[in-house]
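Trainee: Sequence plus predicted model, see below.
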Amino acid sequence: MADVRLCFSPAPVHVRTARLVGVAVARRAGLREELLDEVRLAVGEACARAVALHRQYGLRDQVEVTISDDEPYTVRVVDRAPVEAGLGLSALPPDELADESLTDEALTVGVGFALLAGLVEDLQVRPVAEGIGTEVRMSWPLHRR
Amino acid sequence: MELALTSRTVGEHTVLEVGGEVDVYTAPRLREELLALIDGGTRRIVVDLQRVDFLDSTGLGVLVGAMKKLRGVDGTFGLVCAKEPLLKIFRITALDQVFPLYESVDAAIAAGA
């Protein structure tokens, strides 16, 4: 088992770096090629969500990403926002998506969660074991031969 | 690939061609461009996503915001998207039921998007 760890300041520009690292490790670990786009999008959504939470709460703490190339390929993204904010995720039905009263922020959060839930078969969102924050854990089977 | 934005006029429509990555970092530029068009009086917008390599929830939020803003001024808004990876994103988020999606710019304009 080998872990790749990445910590970055909560700035949108670094989310792209996290996506690139996530895909690079997944490719090297042997994840099926057709899943790489899903990994890229899911890692980006999880990191963008963490960055948004840190900015919302004025937190300078770094966002932590840990990627394991063991079976299954696993990405964990940890934010340090209050747990109730981190766990307050819900997908939005189509009629609410186009609702005029829905704020852009609420829309993006709802769409982001819908993407995570739709892309990642094994998705867990839970409080971190120590301290304040939430962990988004995503995994994909490697099916190594 | 960086975000690339180019607009052109086709009859009554303004076609905004988007290329590269539309994500949490670049989406604000797309929002500014769309708002500038709408605030400048453009009422029929077709956004061509055919050259987009990556689209996340922030980018989708910008597109929904532009559609709502145009709807509020009796404008029209259409998206051109025929790439399966992007179409999958619209399906997962149920936004395929919100946006008028077209296979080509010609189809969007012919439909009066």
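Mentor: Right, received. Where do you want to start?
Trainee: Tell me how many other residues surround residue 100.
Mentor: Went with chain A since none was named. A:Glu100 has 8 neighbouring residues, counting by other C-beta atoms under 10 Å in any protein chain shown. (Glycine included, C-beta is placed from N, CA and C.)
Trainee: that's the other chain; I wanted chain B
Mentor: 16.
Trainee: Run a quick neighbour tally on the residue lying closest to it once chain neighbours are set aside.
Mentor: Using C-beta to C-beta, 6 or more residues apart in numbering or on different chains and skipping the chain neighbours, the partner closest in space to B:Pro100 is B:Gly78 (4.7 Å). When neighbours are defined as other C-beta under 10 Å, B:Gly78 has 24 of them.
Trainee: which ones are touching B:Gly78?
Mentor: B:45-47, B:99-102, B:108, B:111, B:113 (C-beta atoms under 8 Å, 6 or more residues apart in numbering or on different chains).
Trainee: who's it bridged to?
Mentor: B:Val46 (DSSP bridges).
Trainee: how far away is it from chain A?
Mentor: 14 Å (C-beta to the nearest C-beta, to the nearest Å).
Trainee: what separates that residue from B:Leu35, distance-wise?
Mentor: Distance, B:Gly78 to B:Leu35, using C-beta to C-beta, to the nearest Å: 18 Å.
Trainee: Am I right that B:Asp107 falls within a strand?
Mentor: Let me fix one detail, which is that residue B:107 is Ala and not Asp. No - B:Ala107 is assigned helix when assessed by DSSP: H, G, I helix; E, B strand; the rest coil, not a strand.
Trainee: what's the closest non-adjacent residue to it?
Mentor: B:Val80 (7.7 Å).
Trainee: can you list the contacts of B:Gly78 in TSV and add pLDDT and distance to B:Lys88?
Mentor: As requested, the contacts of B:Gly78 are arranged in TSV below (pLDDT from 0 to 100; distance: C-beta to C-beta, whole Å):
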residue	pLDDT	distance to B:Lys88
B:Ile45	97	24
B:Val46	98	21
B:Val47	98	18
B:Phe99	93	14
B:Pro100	92	18
B:Leu101	96	12
B:Tyr102	97	17
B:Ala108	95	20
B:Ala111	88	22
B:Ala113	70	22
